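*Asks:* Everything below, folded, please.
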Amino acid sequence: MGQGGKSRRLQARDGELGEAVARAQDGDESAFAVAYRIVQPGLLGYLRGIVGDDAEDVASDAWLEIARDLGRFKGDGAGFRGWTATIARHRALDHVRRQRVRPRGTTLEQDVLELPAPHSTYEQALESLSTARALELVRSLPTDQAEAVLLRVVVGLDGPAAARVLGKRPGAVRTAAHRGLKRLARRLGVQDPDTGVTDDGPRTLGEST
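*Replies:* Model prediction:
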């Protein structure tokens, strides 16, 4: 499935989402339900990549906050998707702290260049998997790469929006997503569009490139 087709579908859904959010802010409860149905699948997938089986509980907490603060939101459908992802991430981190689970170390990119290679091959690799299997593989990545992949591919945010959610520069998030998707492609035996070579070596997802 091409990146262009996926982007067009997201844009269409974000238009519907923006209209639903506007109506919900005017008190239309059925419109809030529409917004929930559009956003929840990606949000839940993102949370499963962070907190695993506790994702639904964390999502419920996030939606309580989203509903409470809905009147404060300003923006379009894409902005709402990013806003809800930010709230969900905060609730997930709170959950992790309560569970006394130490997050894996991350690598903050210091100097980032534009990445010319397309992501479509890597995303097609993810789309060929069942949801459960894909999330299992993503969760095995370093934390920064896992979150970047989840926000870009599962939630459907663009680079700047994902960067705002994570509190990082767009270049750092773009690099993390690129590296994460590249590792997933290697694990699945997908040909690397950068080199045209399939990596069949014994390297695991958690190892550095």
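
*Asks:* Which element is encountered next along the chain beyond the least confident helix or strand in the chain by mean pLDDT?
*Replies:* Counting by mean pLDDT, DSSP states H and E, the chain has its least confident helix or strand at helix 120-127, which shows a mean of 53. Counting by DSSP states H and E, the element after helix 120-127 in chain order, helix or strand, is helix 131-139.

*Asks:* List the buried residues of whichever helix or strand comes after that following helix.
*Replies:* Elements were assigned by DSSP H and E; along the chain past helix 131-139, the next helix or strand is helix 143-149. When neighbours are counted by 16 or more other Cβ atoms under 10 Å, the buried residues of helix 143-149 are found to be D144, Q145, A146, E147, A148, V149. C-beta: built from backbone N, CA, C; applies to glycine.

*Asks:* Which of those sits closest to V21?
*Replies:* V21 lies nearest to E147 out of the buried residues of helix 143-149, by Cβ to Cβ, at 24.1 Å.

*Asks:* What is the burial count for the closest residue in space to that closest one that isn't next to it in sequence?
*Replies:* For E147, the nearest residue in space outside its immediate sequence neighbours is L166; the separation is 6.1 Å by Cβ to Cβ, 6 or more residues apart in numbering. By other Cβ atoms under 10 Å, the residues close to L166 number 21.

*Asks:* now for whichever strand or helix holds H178, which elements pack on it?
*Replies:* Following DSSP H and E, one finds H178 within helix 170-188. Helix 170-188 makes packing contacts with helix 120-127, helix 131-139, helix 143-149, helix 159-166 when contacts are defined by 3 or more Cβ pairs under 8 Å, 6 or more residues apart in numbering; DSSP states H and E.

*Asks:* And the helix or strand harbouring L43, what's buried?
*Replies:* Assigned by DSSP H and E, L43 belongs to helix 29-51. Across helix 29-51, burial judged by 16+ other Cβ under 10 Å covers 31-32, 34-36, 38-39, 42-51.

*Asks:* how many other residues sit next to G167?
*Replies:* Here the number of neighbours of G167 (other Cβ under 10 Å) works out to 9.

*Asks:* I'd like the distance between it and A55.
*Replies:* For G167, the distance to A55 (Cβ to Cβ, to the nearest Å) stands at 21 Å.

*Asks:* My read is that G75 contacts T84, right?
*Replies:* No. With contacts counted by Cβ atoms under 8 Å, G75 stays clear of T84, the gap being 11.0 Å.

*Asks:* Compare the two (neighbour count), which wins?
*Replies:* Each of G75 and T84 had its neighbours counted (other Cβ under 10 Å), and the higher figure belongs to T84 (27 against 12).

*Asks:* Taking helix 159-166 as reference, get the angle to the helix or strand hosting that one.
*Replies:* With the criterion set as DSSP H and E, the secondary-structure element containing T84 is helix 77-98. Using axes from the mean of the first three to the mean of the last three Cα atoms, to 10 degrees, the interaxial angle of helix 77-98 with respect to helix 159-166 works out to 30 degrees.
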